[in-house]
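1. Fold the following for me, if possible:
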Amino acid sequence: MAKGNPNPVKTEAFLAQQKPRYGNRPLGQALSIRFPEDIDKVLRSMSDRQEYIRRAVEAQLKADGLFSE
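-> Here you go, the predicted structure:
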């Protein structure tokens, strides 16, 4: 016999916390990358390294003409 709520309601707040966002854009799947040791050391010392890497990648994609908003 099944237990629990047969008709669960997923509120907007619940759904928002299920999928992390970058600004107003939902985040995709995680992408793993390794850096040379010297760059890794600098990045790991940064408190906002995820934000920094996202901005750097987005800026380079735009500069290369591969991405536009």
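2. Next, find the distance separating the closest residue to residue 46 other than its chain neighbours from residue 42.
-> Of all residues not flanking residue 46 in the chain, residue 52 sits nearest, at 5.8 Å (CB to CB, 6 or more residues apart in numbering). Backbone N, C-alpha and C define where each C-beta goes, glycine included. Per CB to CB, to the nearest Å, residue 52 is found 10 Å from residue 42.
3. tell me the phi and psi of the residue nearest to residue 46?
-> Per-residue torsions, residue 52: phi -60, psi -50 (degrees, to the nearest 10).
4. Neighbours of the closest residue to residue 67 other than its chain neighbours, how many?
-> Spatial nearest neighbour of residue 67, excluding adjacent residues (CB to CB, 6+ apart): residue 61 at 3.8 Å. Neighbour count for residue 61, taken as other CB atoms under 10 Å: 12.
5. Please export the alpha-carbon coordinates of the helix or strand residue 61 falls within; CSV is fine.
-> Using DSSP states H and E, residue 61 maps to helix 49-63. Only the C-alpha atoms of helix 49-63 are listed here, as CSV (Å, rounded to 0.1, in the frame of the first residue of the first chain):
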residue,chain,number,x,y,z
ARG,A,49,35.7,31.1,-8.0
GLN,A,50,32.5,29.6,-9.5
GLU,A,51,31.2,33.0,-10.4
TYR,A,52,34.6,34.1,-11.8
ILE,A,53,34.9,31.0,-14.0
ARG,A,54,31.3,31.3,-15.3
ARG,A,55,31.9,35.0,-16.2
ALA,A,56,35.3,34.2,-17.8
VAL,A,57,33.8,31.3,-19.9
GLU,A,58,30.8,33.4,-20.9
ALA,A,59,33.0,36.3,-21.9
GLN,A,60,35.2,34.1,-24.0
LEU,A,61,32.3,32.4,-25.8
LYS,A,62,30.9,35.8,-26.6
ALA,A,63,34.3,37.1,-27.9
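6. List the buried residues for that helix?
-> By 16 or more other CB atoms under 10 Å, helix 49-63 has no buried positions at all.
7. what sits up against it?
-> 22, 43, 46, 67-68 (CB atoms under 8 Å, 6 or more residues apart in numbering).
8. Noted, bye for now.
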